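Trainee: sequence first, then the predicted structure, then my questions.
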Amino acid sequence: MARKKIIAGNWKMNMTPSEAVKLIETLKPLVKTDDADVVFCVPAIDIIPALEAAKGTNIEIGAENMYFEEKGAYTGEIAPAMLTDVGVKYVIIGHSERREYFAETNETVNKKVLKAFEHGITPIVCCGETLTQREQGVTMDFIRQQVKIAFLGVTAEQAKTAVIAYEPIWAIGTGKTATTEQAQEVCGGIRKCIAEIYDEATAEAIRIQYGGSVNAKTAPELFVQPDIDGGLVGGAALKPDFGQIVNWK
Ligand code: 13P
């Protein structure tokens, strides 16, 4: 069965709640499609107004992060049940910015992935190498390690529903998109890694996105690649261009 594309925006730390509502009003006619799942991952405080603004559309609202404990003395964190209570179905886990600035590790990513599944939230699990790692030729070693640890204890049935986002760090926010060959090579490598951990059926089912300076121009050539099932889009998700990315065909 062909995998349905999933095209997600990662708003990062942008858009106040009132700006979020305006942006969704602008984008909702532009991102209409039956061909792809469309997800807007927004800052925590924007989630409720965004859900309200997206009601009755094909836009799903996701979170950008979540904690791995149920509740309690974790000042500033968001619990999984807080997300499911309002209808959030997706959460980005382990974005490179969270790994770099907020001390997330493969181990915390794994805990969050397990917790997301426990609550029926689909994790968008991020991985990706630095420029140094690419230049040293260790890209795939590094990514395999990220993926293998992220999926420790995750069942095949759960993994089939997961989303992995391959985001080379050197391509994020730099305007430097990976070439289609580079992106396909790594996404294909990730799928092989999933086949090794689980089996071919799981590898065939899991959806793998590319992220890193995706724009309306680069999206079509990326999204036709056999192992690229959509994109995780930063800057361009805040603009009408996102409509073109979603309707890339
Ligand atoms: P840009 O599309 O702005 O490069 O960001 C990519 C990203 O980090 C999405 O998670």
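Mentor: All right, it came through fine.

Trainee: the strand or helix carrying Phe40 near the ligand anywhere?
Mentor: When elements are defined using DSSP states H and E, Phe40 is found to belong to strand 36-42. No: legend: contact between strand 36-42 and the ligand by C-beta under 6 Å from any ligand atom is lacking; minimum distance shown is 8.1 Å. The way it works is simple: take the backbone N, C-alpha and C, and place the C-beta from them, glycine included.

Trainee: in stretch 20-36, which residues are buried?
Mentor: Along stretch 20-36, the positions that meet the burial threshold by neighbour count (16 or more other C-beta atoms under 10 Å) are 20-21, 23-24, 27-28, 30-31, 33, 36.

Trainee: same question, stretch 39-51
Mentor: Of the residues in stretch 39-51, those scored as buried under the neighbour-count criterion (16+ other C-beta under 10 Å) are 39-44, 46-51.

Trainee: now tabulate these in TSV and tack on pLDDT.
Mentor: Putting the buried residues of stretch 39-51 into TSV (pLDDT from 0 to 100) gives the following:
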residue	pLDDT
Val39	98
Phe40	98
Cys41	99
Val42	98
Pro43	98
Ala44	98
Asp46	98
Ile47	98
Ile48	98
Pro49	98
Ala50	98
Leu51	98
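
Trainee: nearest to the ligand, of the residues you listed?
Mentor: For the buried residues of stretch 39-51, the residue nearest the ligand by C-beta to the nearest ligand atom is Cys41; the value is 8.1 Å.

Trainee: show me what the nearest residue to that closest one once chain neighbours are set aside bridges to in the sheet.
Mentor: Nearest in space to Cys41, with sequence neighbours left out and distances taken as C-beta to C-beta, 6 or more residues apart in numbering, is Gly62 at 3.9 Å. For Gly62, the beta-bridge partners are Cys41, Tyr90 (DSSP bridges).

Trainee: quick revisit: what's the closest of the buried residues of stretch 39-51 to Lys249?
Mentor: The shortest approach to Lys249 among the buried residues of stretch 39-51 belongs to Val39, at 18.3 Å (C-beta to C-beta).

Trainee: so that closest one touches Ile61, yeah?
Mentor: Yes: counting by C-beta atoms under 8 Å, Val39 does reach Ile61; the two are 7.4 Å apart.

Trainee: list residues touching both of the two?
Mentor: Shared between the contact lists of Val39 and Ile61 (criterion: C-beta atoms under 8 Å, 6 or more residues apart in numbering) are residues Tyr90.

Trainee: tell me, how many residues neighbour the closest residue to His119 other than its chain neighbours?
Mentor: When the adjacent residues along the chain are set aside, His119 lies closest to Pro80, with 4.1 Å between them (C-beta to C-beta, 6+ apart). Burial of Pro80, expressed as a neighbour count using other C-beta atoms under 10 Å, amounts to 24.

Trainee: pull the strand holding Phe40 out as PDB, backbone CA atoms only.
Mentor: Included here for strand 36-42 are C-alpha records, laid out as PDB according to Å, rounded to 0.1, in the frame of the first residue of the first chain:
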ATOM      1  CA  ALA A  36      -1.400  14.300   2.200                       C
ATOM      2  CA  ASP A  37      -1.900  14.700   5.900                       C
ATOM      3  CA  VAL A  38      -1.300  18.300   6.900                       C
ATOM      4  CA  VAL A  39      -0.100  19.100  10.400                       C
ATOM      5  CA  PHE A  40       0.800  22.400  12.000                       C
ATOM      6  CA  CYS A  41       3.100  21.900  15.000                       C
ATOM      7  CA  VAL A  42       2.700  25.100  17.000                       C
END
